[in-house]
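Asks: Fold the stuff below for me.
(chains A and B)
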Amino acid sequence: TQLLEQSPQFLSIQEGENLTVYCNSSSVFSSLQWYRQEPGEGPVLLVTVVTGGEVKKLKRLTFQFGDARKDSSLHITAAQPGDTGLYLCAGGGSSNTGKLIFGQGTTLQVKP
Amino acid sequence: DTGVSQDPRHKITKRGQNVTFRCDPISEHNRLYWYRQTLGQGPEFLTYFQNEAQLEKSRLLSDRFSAERPKGSFSTLEIQRTEQGDSAMYLCASSLSGRYNEKLFFGSGTQLSVL
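Replies: Residues are numbered from 1 along each chain as shown, chains lettered A, B, ... in the order given. Model (predicted):
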């Protein structure tokens, strides 16, 4: 069974601080997606990484896929209160469908 | 296009009752997915359709759960004889197949509470 473990589960920081969220597995994934979810809403896709070692940047967010395609990280620089939310990583299999394995999520709170 | 729409947003029911949820995907999307999310967890895959065909069902989906997509447009998810363990957020997502790195668009979900 493929599993994705995220750490930390909860993170509370002050505005302006940097943070990193980790997503680890013992399984290889064909792709890794990161989502952000706000209370009472569905997840919204932030980025997809597919190549081992790939790094993608989205404004203050930097996403990295591990060389072996078993892990990923999300780094936020100078966090802002608007970054508050639940961050989910999700691994895609070889079936090239939207059937994803999600991590349990990291709840981020950025205090002004 | 207003995105993926789910109805109702909230449902409270008593144990043993049947409930039905509806999902209207983005109009040009041919794939539709159902996920379930409990508090403090990430979404878990339940089933998906390509057009009207149900192509895969998770082992999580017991016999009390049934999903349909009769005309390849909207979908319904029915839970019969609800149990307290069914309490969760039920998320629908749609996508367009054939694209590299298929992108899922999620609805806002239906929050089910079984008393």
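Asks: hey, let's count contacts and neighbours off CA atoms from now on
Replies: OK.
Asks: what sits opposite the spatially closest residue to A:Phe102 that is not a sequence neighbour in the beta ladder?
Replies: Using Cα to Cα, 6 or more residues apart in numbering or on different chains and skipping the chain neighbours, the partner closest in space to A:Phe102 is A:Ala90 (4.1 Å). On the basis of DSSP bridges, A:Ala90 takes part in beta bridges with A:Gln33, A:Phe102.
Asks: State the distance from A:Ala90 to B:Leu112.
Replies: 23 Å (Cα to Cα, to the nearest Å).
Asks: Look at these two and report which has more neighbours.
Replies: A:Ala90 (26 against 20; other Cα atoms under 10 Å in any protein chain shown).
Asks: Confirm for me that that one is in contact with A:Gly103.
Replies: Yes - contact status for A:Ala90 versus A:Gly103: in contact at 6.1 Å, counting by Cα atoms under 8 Å.
Asks: anything in contact with each of the two?
Replies: Here A:Ala90 and A:Gly103 have A:Leu4 as joint contacts, going by Cα atoms under 8 Å, 6 or more residues apart in numbering or on different chains.
Asks: in which helix or strand would I find A:Ser72?
Replies: strand A:71-76 (DSSP states H and E).
Asks: Quick one: list the elements packing against that strand.
Replies: Identification of packing neighbours for strand A:71-76 by 3 or more Cα pairs under 8 Å, 6 or more residues apart in numbering or on different chains; DSSP states H and E yields strand A:19-24, strand A:61-65.
Asks: Take those and lay them out in TSV including distance to B:Ser27 and mean neighbour count.
Replies: Formatted as TSV, these follow (distance: least, Cα to Cα, whole Å; neighbours: other Cα atoms under 10 Å in any protein chain shown):
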stretch	distance to B:Ser27	mean neighbour count
strand A:19-24	33	20
strand A:61-65	31	21
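Asks: Tell me which of those lies nearest to chain B.
Replies: Closest to chain B of the helices and strands packed on strand A:71-76, according to Cα to the nearest Cα: strand A:19-24, at 12.5 Å.
Asks: which other helices and strands contact that closest one?
Replies: Counting contacts by 3+ Cα pairs under 8 Å, 6+ apart, strand A:19-24 is packed against strand A:5-7, strand A:71-76.
Asks: hey, which of these is tucked in deepest?
Replies: Of all the helices and strands packed on strand A:19-24, strand A:71-76 carries the top mean neighbour count, a mean of 22, counting by mean count of other Cα atoms under 10 Å in any protein chain shown.
Asks: Can you tell me how far B:Glu83 is from chain A?
Replies: 22 Å (Cα to the nearest Cα, to the nearest Å).
Asks: The lowest-mean-pLDDT helix or strand in chain B: how far from the chain's middle?
Replies: Of all helical and strand segments in chain B, the minimum by mean pLDDT, DSSP states H and E falls on strand B:53-57, at a mean of 93. Offset of strand B:53-57 from its chain centre (Cα atoms, centre = their mean, to the nearest Å): 12 Å.
Asks: what does stretch A:48-66 give?
Replies: 10 Å.
Asks: could you give the mean pLDDT of that stretch?
Replies: The average pLDDT for stretch A:48-66 rounds to 94.
Asks: Likewise for stretch A:18-31?
Replies: 94.
Asks: and what of stretch B:24-38?
Replies: So the average pLDDT for stretch B:24-38 ends up being 95.
Asks: can you pull out the strands in chain B?
Replies: Under the criterion DSSP state E, strands of chain B are mapped to B:5-7, B:10-13, B:19-24, B:31-37, B:44-50, B:53-57, B:65-68, B:75-79, B:88-95, B:105-106, B:110-114.
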